[in-house]
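Asks: Sequence first, predicted model second:
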Amino acid sequence: MSLNNNVPSGALSEKWTNYKSKMDLVAPNNKRRLDVIVVGTGLAGASAAATLGELGYNVKAFTFHDSPRRAHSIAAQGGINAAKNYQNDGDSIWRLFYDTIKGGDYRSRESNVHRLAEVSADIIDQCVAQGVPFAREYGGLLHNRSFGGVQVSRTFYARGQTGQQLLIGAYQALSRQISNGNVKMYNRHEMLDLVKVDGKARGIITRNLLNGKIEKHAAHCVILATGGYGNVFYLSTNAMGSNVTAAWRAVKRGAYMANPCYTQIHPTCIPVSGDYQSKLTLMSESLRNDGRVWVPKKAEDAKAIRERKKTGLDIPEEDRDYYLERRYPAFGNLVPRDVASRAAKIACDKGNGVAPTGLAVFLDFASAIQRYGRSSALSQNIDNPDAATIIKLGEKVVEEKYGNLFEMYEKITGENPYKQPMKIYPAVHYTMGGLWVDYNLQTNIPGLFALGEANFSDHGANRLGASALMQGLADGYFVIPYTLGTFLSHEIRTPTISNDTPEFNEAANAVKERIQRLANSQGNQSVESFHRRLGKIMWEYCGMSRNAEGLKKGRQMIRELRDEFYKDVYVPGSDTEYNPELEKAARVADFLELGELMMCDALDRNESCGGHFREEYKSPEGEAQRNDEGYTYVSAWEWDDHNPVLHKEELTFENVELKTRSYK
Amino acid sequence: MKLKLRVWRQKDANSKGGFHSHDVEADEHMSFLEMMDVLNEQLISEKKEPVAFEHDCREGICGTCNMVINGRPHGPQKGTTVCQLHMRQFKDGDEIVIEPWRVAAFPIIKDLVVDRSSFDHIIQAGGYISVNTGQAPDGNAIPIEKDISSEAFDAAACIGCGACAAACPNGSAMLFTSAKVAHLGKLPQGKVEHEGRVQKMVAQMDKEGFGFCSNIGACEVECPKEISTENIAMLNRSYLGSMLSSND
Amino acid sequence: MTSSIGRKVIMSLTGLFLCSFLIVHLIGNFQLLVGDGGEAFNTYAYFMTHNPLIKFTSYGLYAMILLHAIQGIILYLANKKKSGGNIGSKYAVSTYKNGSWGSKNMALLGTFILFFICIHMGDFWWKMKMDDLPMLTYDGYNEPIADLYGRVSAAFNELWIVIVYLIGLIALAFHLIHGFGSAFQTLGLRHKKYTPMINGIGVVFSVAVCLGFAVIPVVHYFFN
């Protein structure tokens, strides 16, 4: 099948506007007769379900959580980008577009990214109207801060809980549609299969997590907004429940998975402290506005710190290597995530890491505390403040800006980050890859759409900070409500889809069989242990840096692990009750296939770009080296148990020039 | 550290529950839920049924995790959810009693898992601003005083975990409901529907079977986001005002 | 007024009204300490029972007491069901370390106070109404006046009655300490600056009123 991205013609900046004004519409009386299924109720799903409900479609929304408000969008800390130029610092739609394309290492689709930048400003307006309490200045206007990879301040934020506030906004909009009957909400329902009728997506099979009942839900189209798959690495900043199952089930039904190897490793997470660890906690990128990243210059100092004979405070200024400031003077500590993560890995690989595991670098606020303390003293008319006063005032400012993050750090590590520099290390955070979608956010299966982190569309090989929230809400509030019409306008004569057809029954039976097989697994190893082993393989061979040999080996190991899983996994309880272990087993089973596909994709891509770093392809200074002649394409994979098939969508850049990404 | 756990086990909503004792070996750097993971792995290796408990983000923000630890919702540390509670708060040899939220409007599903849909219903009754996508004026069109915005945020920080109702001897959801009313009611965008919202949310709260607030204040002490009962006063005031001014 | 907040508002308003009654009642009772053999008190009691306006108000007062008590009992019973068990004991380990003891036992205290009011009224008010008391004549009054003072004085010479009164007043104090501030919270009158003051006044008021009432039986027991 050829991949048609359906990008409209015309000048980049006019595509979306022209397309919107000329696209086929569905009249209100017809909308009432069309059923739409939305799976996932995070930022993208909730905003889509709410908006489609407002438009008059019959929406059924599904989440495996007990409430839409639990989706992992809620954990996003730092902020949301928008090209508002409220700060008068030269921001524009073009600049946001350009920064995103460049930040994505020229591996995303120009037209989609430009559209994202165009609608970004509307998102802020919408959220403010919904009552999202964004940070404000004393004059009552919205405040902004800066994030990695950009030189303007365009990030809107609500303390360190931006994702929470935006999700609650979308959840409330969704709740309103639930209360007026436009959306029917199915909590604690997990999608376990996609149903296709005559090649079109017409429904899903779900499992009611409370009683195990397998249900068939039919609709005219299906929208997946089911998030990313970072949990394939076991340890990630994702929530424990985040999984690939819904998307992967679509892949098993023929949808293509695009760029699965593009994984974002976030540079500022709390380092791993032991084997029991279940997840990693992110420290917001916003901390890099004020924190300085360093390791000791001398390996013996690093060793002493690892052995707890010294602390960061014992290392004199001249023996510290502020390696980001040294290597990337133009952006300093605010280089993009992939660059910062790799730099941390290089520092630790050299033996200069500072945690007992050797896998941590410092994020130091001492100079920010000094700087803020002095300016605070000045504004309070304190002449010649002593050192203690400066520190006290400075800490107060830092507390106002990052208090909740510092508190969280102290709860988790037991160390006071105001006194001791924080220890951080990169961790899996976001997956740029996802279901392949065209300009309409439709996958290669007609009637199946994918939004938010679940699709691959906007971030290329690396996502900039504060852009995930922007993309999720752009897709849900401002893109899908229009582009869904391109499919549904041809379905207005299609009667209500029945769920009692051979296609639905076949899919439901297949799900029942799969679930029963897992529920009856009487092996000896826990689901968790397999997940952990899978994560180790992924991190080792498909993590921050990859090479051909390791990827081949990793793929083989995953296949073996998968066989072992089905032979020896133990799942307690039955399939007709509330059974979290069974849920987890089904999810890990899908991760075991996805992991293999990620290895295939990483092996195919003989270049380094963004979050995909192949050790064979780097510049003499160790920077990622792209191969634009050979790999300026989207890899869209068709799953096959033995040999996944690669389909390519060539990326054409008509408006930006492909350059070596430099933050120096 | 060695711990003795007494955990509430209950097969389903209709079965009778009771305490089971489990010994577990933990590390002081573990989070409380990681300690529970260790227990569950241990139970699974003995081919016993693991303890069902809910959790998701493990960053203290999603509001999924819920346990009463030694009589305190979310455990002994102030302003902390169970997932952010670490074992360094306990001592070697401690006995820890773990129970589910016990609130009539949160029926038990299994072990420590309860059904908190009643909170969703309260929000659905009116906990929103009626604005359709695309209708919004510019974000800076209405300036909002920094302090007001900040107060609204303090209320909006609610994670919907239910600790307030679990801590309340009356099983009341007033802190939860009032936090939403205050979040929206303090902002100019939310003022338009304020009175109607208050009426509808309170009516739904009563219908869900939550108890009546008697101003004990346990909710604000146990709230992991430290939401203040000032919000309850605001809700009361608004409710009274809306009742006096309504036409029916 | 049948919503949860509506019921609470009734509790709050009736409670505050009863607080104001306590002040009037206390001022009146201080006539017992005048030391004129009871004339001031007896004529005061006569005035209170024969002035039509006050008579009318007193029926309002009885209604308020009943309303406060009935609403309180309704709230208590409803809450008992809704907390998923008996108040204070639904968790294996008691979770209610937070909140004052009084705040969690308002119903218990209230019931005790109601019981106390019954005894109190049966002892004095009922006896007066039933014309059980000896009659005295005072200058300036056309008809004989009941010697309520004598009855009070006799009662307060019994140690056990004095103790019952003191216990009743202690219960009242705890009930008021929570109730006073709580009434303002229920009415939504809360302010960062003024609420601590209101709560402070509440404590002072509760303790002062109850001490004031307590002085009377104690003085009578020891000095009459």
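Replies: Ah, there it is.
Asks: pLDDT weak spots in the chain?
Replies: All of this refers to chain A. For chain A, the stretches with pLDDT under 70 are A:1-2.
Asks: I was after chain C.
Replies: For chain C, the stretches with pLDDT under 70 are C:83-89, C:95-98, C:224.
Asks: host element of B:Val51?
Replies: Under the criterion DSSP states H and E, no helix or strand holds B:Val51.
Asks: Assess the claim that it and B:Gln42 are in contact.
Replies: No: applying C-beta atoms under 8 Å, one finds B:Val51 not in contact with B:Gln42, separated by 10.4 Å. C-beta: built from backbone N, CA, C; applies to glycine.
Asks: Name the residues contacting each of those two.
Replies: Applying C-beta atoms under 8 Å, 6 or more residues apart in numbering or on different chains, one finds that B:Val51 and B:Gln42 are jointly contacted by B:His22.
Asks: what about the two, which has more around it?
Replies: Higher neighbour count among B:Val51 and B:Gln42: B:Val51, with 22 against 16, using other C-beta atoms under 10 Å in any protein chain shown.
Asks: give me phi/psi at that one?
Replies: Note on B:Val51: its backbone torsions stand at phi -80, psi 130 [degrees, to the nearest 10].
Asks: residues in contact with it?
Replies: B:7, B:9, B:22, B:36, B:39-40, B:43, B:111-112.
Asks: Tell me which residue of chain A lies closest to chain B.
Replies: Across chain A, no residue is closer to chain B than A:Gly140, which sits at 2.8 Å (C-beta to the nearest C-beta).
Asks: quick revisit: with secondary structure added, can I get the contacts of B:Val51 in CSV?
Replies: Listed next are those as CSV, based on DSSP: H, G, I helix; E, B strand; the rest coil:
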residue, secondary structure
B:Val7, strand
B:Arg9, strand
B:His22, strand
B:Met36, helix
B:Leu39, helix
B:Asn40, helix
B:Leu43, helix
B:Asp111, coil
B:Leu112, coil
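Asks: Name the member of those that has the highest neighbour count.
Replies: B:Met36 (27 neighbours).
Asks: Is that one in contact with B:Arg58, as I believe?
Replies: No: with contact defined as C-beta under 8 Å, B:Met36 does not reach B:Arg58; the gap is 11.2 Å.
Asks: What segments of chain B are strands?
Replies: Along chain B, the segments classed as strands by DSSP state E run B:2-9, B:18-25, B:68-69, B:72-73, B:95-99, B:108-110, B:113-114.
Asks: Distance to chain C and mean pLDDT added to the ones you listed, as a markdown table?
Replies: Output for these, formatted as a markdown table (distance: least, C-beta to the nearest C-beta, whole Å; pLDDT from 0 to 100):
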| stretch | distance to chain C | mean pLDDT |
| --- | --- | --- |
| strand B:2-9 | 8 | 96 |
| strand B:18-25 | 7 | 96 |
| strand B:68-69 | 6 | 96 |
| strand B:72-73 | 6 | 94 |
| strand B:95-99 | 5 | 96 |
| strand B:108-110 | 9 | 95 |
| strand B:113-114 | 10 | 96 |
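Asks: With respect to burial, which of those strands scores highest?
Replies: Among the strands of chain B, strand B:72-73 has the highest mean neighbour count (mean count of other C-beta atoms under 10 Å in any protein chain shown), at a mean of 26.
Asks: How far off centre is that strand?
Replies: Relative to its parent chain, strand B:72-73 has a centroid offset of 11 Å by C-alpha atoms, centre = their mean, to the nearest Å.
Asks: which helices and strands sit right next to that strand?
Replies: Contacts defined by 3 or more C-beta pairs under 8 Å, 6 or more residues apart in numbering or on different chains; DSSP states H and E place strand B:72-73 against helix B:163-167.
Asks: With only the CA atoms kept, save the helix it packs on in CSV.
Replies: C-alpha atoms of helix B:163-167 as CSV (Å, rounded to 0.1, in the frame of the first residue of the first chain):
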residue,chain,number,x,y,z
ALA,B,163,-8.6,11.5,51.2
CYS,B,164,-10.9,14.3,52.4
ALA,B,165,-13.9,12.1,52.5
ALA,B,166,-11.9,9.2,53.9
ALA,B,167,-10.6,11.4,56.7
